[in-house]
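Novice: The following block contains a protein sequence and its predicted model.
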Amino acid sequence: MNITIPQPILQIYQTILSSGFEVYLVGGSVRNILLGKDVKDWDMTTKATPEEILKLFPDAFYDNTFGTVGIPISLQSSVSSHQQEKTRDQRPETRDQTVVEVTTFRTEKSYSDSRHPDKVAWGKSIEEDLERRDFTMNAIALQLALTEKREALRKEENETDLTVNGLPYTIVDPYNGQEDLKSHTIRAVGDPTKRFKEDALRLMRAVRFATQLSFTIEESTWKSMQEDAVLLGNISGERIRDELLKILASDLPYEGIMLLKNAGLLAHILPELLEGINVSQTRPGRHHVYDVFEHNLLSVKYCPSPDPIVRFATLIHDIGKPHVEGRDENGLVIFYNHEVEGAKVAYEICDRLHFSKKDRKKIVHLIRWHMFSVDEHVSDAGIRRFIRRIGVENVKDLLDVRVGDRLGSGIPEERAESWRLKKFRERIEKELQPAPFSINDLAIDGNDIMKALGIQPGPMVGKLLQQLFEEVDEDLSRNTKDYLLKRLHELKI
């Protein structure tokens, strides 16, 4: 199998190499090359200092203390050759702007805050640099054969039949990361306790990689994760949020959240979610067969949306239930207004994890309205009011939350949508074509009102437009200029 590296990446590599500096591909790019997966981020490490790298690349920038120089490039999206054969006729290549990160060999000493090294020093060798990395599969370096000397490398130096741009290569793998890739194992480099104390976010990264790659976390690494889970409290909300969303965006979001729980990490990420454990929802004639916690997790498992923001809303959609748990007159459990309480809790969670205002608004909105009623007798005007209340941009997402909610309650997959929900969806889609009716679609506007009534601009114009809109929305056949101008003189504001 031959992996093709984009020309701009090769040019950067060749420029550093020809200037007399050692340089290697590292991190996720090497991992994905060895796994035969797409490479999105091309990271390099070199013996050259940041100042020396900046001299080689006029457009590069350096704004950190960790030895990482960013080199902006225009890059065609690329996939490995065997994947190109499958996708050549399915999608065109697109041009993307990206940044290649080139980091100087470095060593890191002492991490008093479990986040940042207290001291960074430039390293002398690639082995010294790899020693500081998190997991064995990420502690592999690849040296390209771009010179005559490299092209003459002995075949036995390569452990696979893979070539890079048709040329052999050298692998530096002091922690047997290739073996862990083959056995689908997540293993910390060296002492796992030391690695997690250096940067506690690695606790979540282990779960994220295991979820994304369907790998298993090695026993001693897993034990250290459980022992050091409390360290996650030192990590900022936005870093936790980013890792959580990557887990939710994977093909195994349910398994990822369960790993977080079993490692003791979920208590430091979403303690509110754990409040649903052993909160029963069972009632005679109801479909719920799980407690609130398991229901939330199963709902995200079955949510059809690939959007991690929608999946997050689904994960916490019933998070308000433990706060409003009660009993009806027959002594049966009820959760009155749990969607309202859940929206309040969701707002607090989103604020703590530093979600953007846009994402926070969407999450809270989906949770607030996830209990919408489905009535086959609702009028077309009622459907339009529903769309406006939910927001056109949220309608599909809310329906996806509802599907996840149903399946997460124990309903068979073939009944993901009730006949009422299917009918409701069809009517919504009809009203969305070509676009939902709005006040801007009235046959008259504010200028027509001012001219007809001889009034000046002001609140009165808006009130009249709103009243006309509400009447027309009940019967779209009324939306004619003659009818509206006649009706205008009959209105009393």
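Specialist: Okay, I see it.
Novice: Now do the strands in the chain.
Specialist: 2-3, 23-26, 43-46, 68-76, 95-104, 106-109, 119-122, 141-144, 163-164, 169-172, 185-186, 216-217, 325-327, 333-335 (DSSP state E).
Novice: Look up how far residue 64 lies from residue 128.
Specialist: Distance of residue 128 to residue 64, given as CB to CB, to the nearest Å: 20 Å. Placement of C-beta: from N, CA and C, glycine included.
Novice: Buried deepest among the strands of the chain, which one?
Specialist: Greatest average neighbour count among those goes to strand 23-26 (a mean of 25), per mean count of other CB atoms under 10 Å.
Novice: circling back to that earlier point, out of residue 128 and residue 64, which sits in the busier spot?
Specialist: residue 128 (15 against 12; other CB atoms under 10 Å).
Novice: contacting residues around that one?
Specialist: The neighbours of residue 128, taking CB atoms under 8 Å, 6 or more residues apart in numbering as the test, are 105, 107.
Novice: Tell me how far it lies from residue 66.
Specialist: Relative to residue 66, residue 128 is positioned 15 Å away (CB to CB).
Novice: Count the neighbours of the closest residue to residue 342 other than its chain neighbours for me.
Specialist: Nearest-residue entry for residue 342: residue 320, 3.0 Å, with adjacent residues in sequence omitted and distances by CB to CB, 6 or more residues apart in numbering. Counted with other CB under 10 Å, the neighbours of residue 320 add up to 26.
Novice: Check the one 10 residues further on too.
Specialist: Using other CB under 10 Å, residue 330 has 8 other residues around it.
Novice: and if you look at residue 173?
Specialist: Residue 173 has 20 neighbours, counted by other CB under 10 Å.
Novice: Show the backbone phi and psi for the nearest residue to it once chain neighbours are set aside.
Specialist: Distances taken as CB to CB, 6+ apart place residue 140 nearest to residue 173, at 4.9 Å, with adjacent residues excluded. For residue 140, the backbone dihedrals (degrees, to the nearest 10) come out as phi -120, psi 130.
Novice: Isn't residue 140 up against residue 28?
Specialist: No. Between residue 140 and residue 28 there is no contact under CB atoms under 8 Å: 10.4 Å.
Novice: And those two? Which one has more around it.
Specialist: Neighbour tally, residue 140 and residue 28, criterion other CB under 10 Å: the higher count belongs to residue 140, 26 against 17.
Novice: Can you spell out the domain ranges of the protein, please?
Specialist: 2-178, 184-269, 301-436, 439-488 (automatic domain parsing).
Novice: now, of those, which is deepest in the fold?
Specialist: Stretch with highest mean neighbour count among the domains of the chain: domain 184-269 (a mean of 20; mean count of other CB under 10 Å).
Novice: start to end distance for that domain?
Specialist: Start-to-end span of domain 184-269 (CA to CA, to the nearest Å) is 26 Å.
Novice: which residues touch residue 472?
Specialist: Neighbouring residues of residue 472 by CB under 8 Å, 6+ apart: 437, 442, 478-479, 484.
Novice: From the residues you listed, which land in helices?
Specialist: Per DSSP state H, helices hold the following members of the contacts of residue 472: residue 484.
Novice: Same list, the contacts of residue 472, but as TSV with pLDDT please.
Specialist: TSV is the format used below for these (pLDDT from 0 to 100):
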residue	pLDDT
437	78
442	90
478	89
479	89
484	91
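Novice: which of the contacts of residue 472 lies closest to residue 372?
Specialist: residue 437 (19.3 Å; CB to CB).
Novice: residues contacting that closest one?
Specialist: Residue 437 neighbours (CB under 8 Å, 6+ apart): 384, 431, 472-473, 476.
Novice: mind redoing it with 7 Å?
Specialist: Listed by CB atoms under 7 Å, 6 or more residues apart in numbering, the contact partners of residue 437 are 384, 473, 476.
Novice: Columns distance to residue 280 on top of the domains of the chain, output as JSON lines?
Specialist: Below are these laid out as JSON lines (distance: least, CB to CB, whole Å):
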{"stretch": "domain 2-178", "distance to residue 280": "38"}
{"stretch": "domain 184-269", "distance to residue 280": "19"}
{"stretch": "domain 301-436", "distance to residue 280": "6"}
{"stretch": "domain 439-488", "distance to residue 280": "43"}
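Novice: now for those, which one comes closest to residue 281?
Specialist: Checking these against residue 281 by CB to CB gives domain 301-436 as the closest, at 6.6 Å.
Novice: Could you give the average pLDDT over the closest one?
Specialist: Domain 301-436 comes out with an average pLDDT of 90.
Novice: how close does residue 48 get to residue 105?
Specialist: Separation of residue 48 from residue 105 (CB to CB): 9 Å.
Novice: isn't residue 278 right next to residue 290, touching?
Specialist: No. Counting by CB atoms under 7 Å, residue 278 does not reach residue 290; the two are 10.8 Å apart.
Novice: With neighbour numbers in mind, choose between these two.
Specialist: When neighbours are counted by other CB under 10 Å, residue 278 and residue 290 differ, and residue 290 comes out ahead with 18 against 10.
Novice: what's the distance between the more buried one and residue 320?
Specialist: Separation of residue 290 from residue 320 (CB to CB) stands at 17 Å.
Novice: quick one, helices of the stretch 351-493 of the chain?
Specialist: Assigned by DSSP state H, counting those that start in this stretch, the helices in the stretch 351-493 of the chain fall at 357-368, 380-390, 395-407, 419-431, 446-453, 459-474, 481-488.
Novice: cool, the stretch 151-300 of the chain as well?
Specialist: Under DSSP H, counting those that start in this stretch, the stretch 151-300 of the chain gives helices at 177-182, 192-198, 202-213, 219-227, 237-249, 253-262, 271-274, 292-302.
Novice: Of all those, which one comes closest to residue 364?
Specialist: For residue 364, the closest of the helices of the stretch 151-300 of the chain is helix 271-274, at 13.9 Å, according to CB to CB.
Novice: Quick one: mean pLDDT over that closest one.
Specialist: Average pLDDT, helix 271-274: 97.
Novice: Using PDB, write out every CA atom in it.
Specialist: Extracted C-alpha coordinates of helix 271-274, given in PDB (Å, rounded to 0.1, in the frame of the first residue of the first chain):
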ATOM      1  CA  PRO A 271     -22.200  15.300  37.500                       C
ATOM      2  CA  GLU A 272     -25.900  16.300  36.800                       C
ATOM      3  CA  LEU A 273     -26.100  13.300  34.500                       C
ATOM      4  CA  LEU A 274     -25.300  10.900  37.200                       C
END
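Novice: helices or strands up against it?
Specialist: Applying 3 or more CB pairs under 7 Å, 6 or more residues apart in numbering; DSSP states H and E, one finds that helix 271-274 contacts helix 292-302.
Novice: what angle do the helix it packs on and helix 253-262 make?
Specialist: Interaxial angle, helix 292-302 versus helix 253-262 (axes from the mean of the first three to the mean of the last three CA atoms, to 10 degrees): 150 degrees.
Novice: chain center to helix 292-302, what's the gap?
Specialist: Distance of helix 292-302 from its chain centroid, counting by CA atoms, centre = their mean, to the nearest Å, is 18 Å.
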